[in-house]
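Novice: My questions concern the predicted model and sequence given below.
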Amino acid sequence: MAVASAALGLGGCSATKTPSASAPASDDVSHVPTTSSVSTPPATTPGSVVVEEHGFTSAGNRIFGKLRRPAGDGEHPVVIFSHGFGGNHEQKLHLQELLAQHGVAVYSFDFAGGSGYGLGRSEGNMTDMSVLTEVQNLQDALTFVKSLEGVDPTRITLIGASQGGTVTTLVAEQNPVGVEHIVLFYPAFSLFDDARQRFATASDIPETVDFMGLTVGRRYYADMLDMDIYDHMAGYHGTVTIFHGTDDNLVPLSYSQRAVNTFSHATLTPLDGEGHGFSTAAQETVATAILPTITS
C-alpha cells in the first residue's frame with residue numbers, strides 16, 4: 001500500500017478550498033486491510049481542489065450533489081459517483097478527493113430516497129426508491145454534469161459502489177456513446193437473485209420490506225423481479241473496470257467473476273482481504289489504477 005500512496009504523491013496532499021471531513025477507514029458495511037498491489041504511474045504532485053454544491057431535479061425530487069474539481073481554469077475529465085444502498089454523496093470520500101487532486105472533476109450526489117445509514121440531502125422517500133428510480137436519477141445527473149463549469153463533457157467516467165454499481169451498469173447501457181468507461185466497486189448484481197429468492201411473484205411483495213436495517217417499499221423488489229442484469233451488460237461495449245474484495249460477505253466475488261466474462265471489454269481486480277466496502281489503503285490502490293484511463 002505504501003507503493004500506491006507514493007505514486008500518487010499523497011504525503012500532506014489535502015488542499016481543498018472548503019472544509020471536508022476526513023475520510024474514514026471505510027465508508028461501507030465492512031472491511032479488513034487489503035494486501036493487493038497494482039502497477040503505479042509516475043509520481044505526481046497533488047493540486048488544490050475547489051468544492052462546490054450543485055443540485056438538479058429528477059422525477060420531481062430535488063437532488064443534492066457536490067462537485068470536487070481541480071482549482072484553476074480549463075476543462076477536466078469528470079467522474080460521476082453513485083453511492084450504494086443507504087449511502088450518500090460522501091461515500092468513498094478519500095477516493096473522490098484523490099481523483100480531484102490529480103486532475104479529475106468528481107460529482108457525487110444523494111439518490112432520491114436512497115440514503116438511510118447516513119445523512120441524505122436529496123428529496124424523496126426510501127419507500128419510493130428502487131434500482132430503476134436511481135437509474136433515472138443517474139441519467140439526469142449525467143445530463144446535468146455536462147453543463148457544469150470546469151468539466152469536459154466528452155470525457156465522462158461513471159463509478160458506482162454496490163447498488164450504485166448496478167445502477168451504473170444500467171445507465172451505461174443506455175449511453176453507449178456518451179460513457180466510454182465505467183468503474184464498479186463490489187457491484188450488487190446479487191440483488192436480483194435475492195429478490196427472486198424472497199418473492200416468487202410480484203403479488204407476494206408486501207407494501208414495505210425490512211432490508212439491511214432499513215425499510216424499502218414494494219417497488220424496490222417489484223422493479224427487479226423480472227430483470228436479468230447480465231442481459232444488460234452485453235449491450236455495453238465501453239471499458240469496464242471492476243474491483244471486488246475477496247472477503248465480501250454480502251455480494252460474493254462470483255457475481256463479478258461472471259460479469260467480467262459477460263461485458264465486452266472488462267477487467268476484474270480482486271482486492272485481497274477487503275470486504276463489502278474498501279479501506280482507505282484500498283481506495284488509494286484503486287485511485288492509482290484508474291487514473292490513467294480516466295485522464296487519457
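Specialist: Nice, thanks for sending it over. Numbering: from 1, shown residues only.

Novice: drop to CA atoms for contacts and neighbour counts, all remaining ones
Specialist: Noted.

Novice: How is residue 241 assigned, secondary-structure-wise?
Specialist: In three-state terms, and counting by DSSP: H, G, I helix; E, B strand; the rest coil, residue 241 is strand.

Novice: doesn't residue 96 make contact with residue 51?
Specialist: No - if you go by Cα atoms under 8 Å, residue 51 and residue 96 don't touch, sitting 11.1 Å apart.

Novice: Which one of the two is surrounded by more residues?
Specialist: Legend: neighbour count by other Cα atoms under 10 Å for residue 51 and residue 96, higher for residue 96 (26 against 21).

Novice: re earlier: anything in contact with each of residue 51 and residue 96?
Specialist: residue 68 (Cα atoms under 8 Å, 6 or more residues apart in numbering).

Novice: What residues does residue 136 make contact with?
Specialist: Per Cα under 8 Å, 6+ apart, neighbours of residue 136: 58-59.

Novice: Okay, buried residues for the host helix or strand of it please.
Specialist: When elements are assigned from DSSP states H and E, residue 136 belongs to helix 131-145. Residues of helix 131-145 classed as buried: 131-142, 145 (neighbour count, 16 or more other Cα atoms under 10 Å).

Novice: now for these, which pair is the farthest apart?
Specialist: 131 and 145 (20.6 Å; Cα to Cα).

Novice: Please verify my assumption that residue 163 contacts residue 190.
Specialist: No - between residue 163 and residue 190 there is no contact under Cα under 8 Å: 9.4 Å.

Novice: between these two, who's got more neighbours?
Specialist: residue 163 (26 against 18).

Novice: re the thing from before, adding distance to residue 233 and pLDDT, write the buried residues of helix 131-145 out as TSV.
Specialist: Converted to TSV, the buried residues of helix 131-145 look like this (distance: Cα to Cα, whole Å; pLDDT from 0 to 100):
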residue	distance to residue 233	pLDDT
131	15	98
132	16	98
133	19	98
134	17	98
135	15	98
136	18	98
137	20	98
138	17	98
139	17	98
140	21	98
141	21	98
142	19	98
145	24	98
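
Novice: for the record, mean pLDDT for stretch 231-250?
Specialist: Averaged over stretch 231-250, pLDDT sits at 96.

Novice: what distance separates stretch 267-287 from the centre of its chain?
Specialist: Taking Cα atoms, centre = their mean, to the nearest Å, one finds the center of stretch 267-287 at 13 Å from the center of the full chain.

Novice: Alpha carbons only: can I get it in PDB?
Specialist: Extracted in PDB, the C-alpha atoms of stretch 267-287 (Å, rounded to 0.1, in the frame of the first residue of the first chain):
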ATOM      1  CA  THR A 267     -11.200  -6.500 -16.200                       C
ATOM      2  CA  LEU A 268     -11.600  -7.700 -12.600                       C
ATOM      3  CA  THR A 269      -9.200  -6.900  -9.800                       C
ATOM      4  CA  PRO A 270      -9.800  -8.900  -6.600                       C
ATOM      5  CA  LEU A 271      -8.600  -7.000  -3.600                       C
ATOM      6  CA  ASP A 272      -7.300  -9.400  -1.000                       C
ATOM      7  CA  GLY A 273      -8.900  -9.200   2.400                       C
ATOM      8  CA  GLU A 274     -11.300  -6.400   1.500                       C
ATOM      9  CA  GLY A 275     -15.000  -6.800   2.400                       C
ATOM     10  CA  HIS A 276     -18.100  -5.100   1.200                       C
ATOM     11  CA  GLY A 277     -16.500  -1.700   1.400                       C
ATOM     12  CA  PHE A 278     -12.900  -0.500   0.800                       C
ATOM     13  CA  SER A 279     -10.400   0.600   3.300                       C
ATOM     14  CA  THR A 280      -8.500   3.900   2.900                       C
ATOM     15  CA  ALA A 281      -5.500   2.000   1.600                       C
ATOM     16  CA  ALA A 282      -7.600   0.100  -0.900                       C
ATOM     17  CA  GLN A 283      -9.100   3.400  -2.200                       C
ATOM     18  CA  GLU A 284      -5.600   4.600  -2.800                       C
ATOM     19  CA  THR A 285      -4.800   1.500  -4.700                       C
ATOM     20  CA  VAL A 286      -7.900   1.900  -6.800                       C
ATOM     21  CA  ALA A 287      -7.200   5.600  -7.500                       C
END
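
Novice: in that stretch, what counts as buried?
Specialist: 267-287.
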